[in-house]
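> sequence and predicted structure are below.
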Amino acid sequence: MDLDTILMIVSAVLAIGATVFGAKFDAVKKKLSQVKDLVKEGADVVQVAVDAVADENITPEEAEAIKKEAQEVIGAFKALVGKA
């Protein structure tokens with residue numbers, strides 16, 4: 001084989017590799033974004049719960065806020081695992 005043929009084959013292999021890597025990178029980036037959302041929602045639940053128990057009494061409004069935040073965590077988790 002001459003140099004031109006070898007270079008053409010190497011270029012084709014690199015192009016295919018770059019295409020596969022680009023597709024995988026987008027998938028990884030999407031999953032990382034979903035993990036970030038899940039962690040954020042989890043932190044929101046903790047913050048609302050801490051605020052609710054600060055006075056050692058959970059009101060119905062605070063309980064509803066905790067429930068709402070917990071449902072958002074469940075939604076973020078389902079999005080992460082692909083069930084949303």
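Okay, I see it. Numbering: from 1, shown residues only.
> need the helices for the chain, in chain order.
Using DSSP state H, the helices of the chain run over residues 3-53, 60-81.
> please state the offset of the last one from the chain centre?
Right, the one you point to is helix 60-81. Helix 60-81 sits 16 Å away from the centroid of its parent chain (Cα atoms, centre = their mean, to the nearest Å).
> for it, list the C-alpha coordinates in CSV.
C-alpha atoms of helix 60-81 as CSV (Å, rounded to 0.1, in the frame of the first residue of the first chain):
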residue,chain,number,x,y,z
PRO,A,60,-50.1,21.2,56.9
GLU,A,61,-48.6,23.7,54.5
GLU,A,62,-45.1,22.6,55.3
ALA,A,63,-46.1,18.9,54.9
GLU,A,64,-47.6,19.8,51.5
ALA,A,65,-44.4,21.6,50.5
ILE,A,66,-42.3,18.5,51.5
LYS,A,67,-44.6,16.3,49.6
LYS,A,68,-44.4,18.5,46.5
GLU,A,69,-40.6,18.6,46.6
ALA,A,70,-40.5,14.8,47.1
GLN,A,71,-42.6,14.3,44.0
GLU,A,72,-40.2,16.5,42.1
VAL,A,73,-37.3,14.2,43.2
ILE,A,74,-39.3,11.2,42.0
GLY,A,75,-39.8,12.9,38.6
ALA,A,76,-36.2,13.8,38.3
PHE,A,77,-35.2,10.2,39.2
LYS,A,78,-37.6,8.8,36.6
ALA,A,79,-36.1,11.1,34.0
LEU,A,80,-32.7,9.9,34.9
VAL,A,81,-33.5,6.2,34.6
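> who's the closest spatial neighbour of Phe35, skipping the chain neighbours?
Let me fix one detail, which is that residue 35 is Val and not Phe. Using Cβ to Cβ, 6 or more residues apart in numbering and skipping the chain neighbours, the partner closest in space to Val35 is Leu80 (6.4 Å). In this view, the C-beta of every residue, glycine as well, is placed from N, C-alpha and C.
> quick one: low-confidence parts of this protein?
Low-confidence segments of the chain (pLDDT under 70): 84.
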